[in-house]
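>>> Here is a sequence with its predicted model. Questions after.
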Amino acid sequence: MSEQSTQQPTEITEAQRAEWVRAQFQKANEYLATKGIIPDNVAVSESRYLPPLVAVWKLNTRDAKSFWVISGDLPTDHMPVTAAPNAREAIRAFALHWQLKAEQIAQAGFTDKTQVDFANLLVNRAEGLYNLFDNEPLWQGQ
């Protein structure tokens, strides 16, 4: 075996983790802004992050609306906070939503490579999200 194949992945430092969380928070806010939604604050205690994979933010607006926003190594997306009672359930809701969206793309008969690739990405990330949702040790203490 080569030395490279036996190396463990390097742990990220606390500074790298903090930078990743900050970048994902900014990404989530910018995404909502493109949808015409201006966040006012974040419910930090209800948000969850697993660098460098995924962050789930509960963002509140000035007009008393709240949204779950997901960002990370996956498409950034949002849903009303009423769709899920907590970050874990929001992850499951995003996974299900993406599977449905991928199915709609497939049933629409798109042959455009971009659409097919996007549908495949959605399926892949939805499966990964569901595995995170289903990983009980990650959610201890929630």
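Received the coordinates, thanks.

>>> make it CA atoms for all contacts and neighbour counts henceforth
Will do.

>>> what's near enough to touch the closest residue to Pro39 other than its chain neighbours?
Of all residues not flanking Pro39 in the chain, Thr61 sits nearest, at 4.4 Å (CA to CA, 6 or more residues apart in numbering). By CA atoms under 8 Å, 6 or more residues apart in numbering, the contact set of Thr61 is Ile37, Ile38, Pro39, Asp40, Asn41.

>>> Where neighbours are concerned, which of these has the most?
Pro39 (21 neighbours; other CA atoms under 10 Å).

>>> contacting residues around that one?
Counted by CA under 8 Å, 6+ apart, Pro39 has contacts Asn29, Leu32, Ala33, Leu59, Asn60, Thr61, Arg62.

>>> I'd assumed Phe25 was in contact with the second one.
Yep, that's Leu32 we're talking about. No - using CA atoms under 8 Å, Leu32 is not in contact with Phe25; the gap is 10.8 Å.

>>> which among the contacts of Pro39 gets closest to Trp98?
Looking at the contacts of Pro39 and their distance to Trp98, the nearest is Leu32, at 18.0 Å (CA to CA).

>>> Next one: the closest one relative to Trp57, how far apart?
Using CA to CA, to the nearest Å, Leu32 is found at 11 Å from Trp57.

>>> Tell me which of the contacts of Thr61 fall in strands.
Pro39, Asp40, Asn41 (DSSP state E).

>>> distance between stretch 46-59 and the chain's centre?
7 Å (CA atoms, centre = their mean, to the nearest Å).
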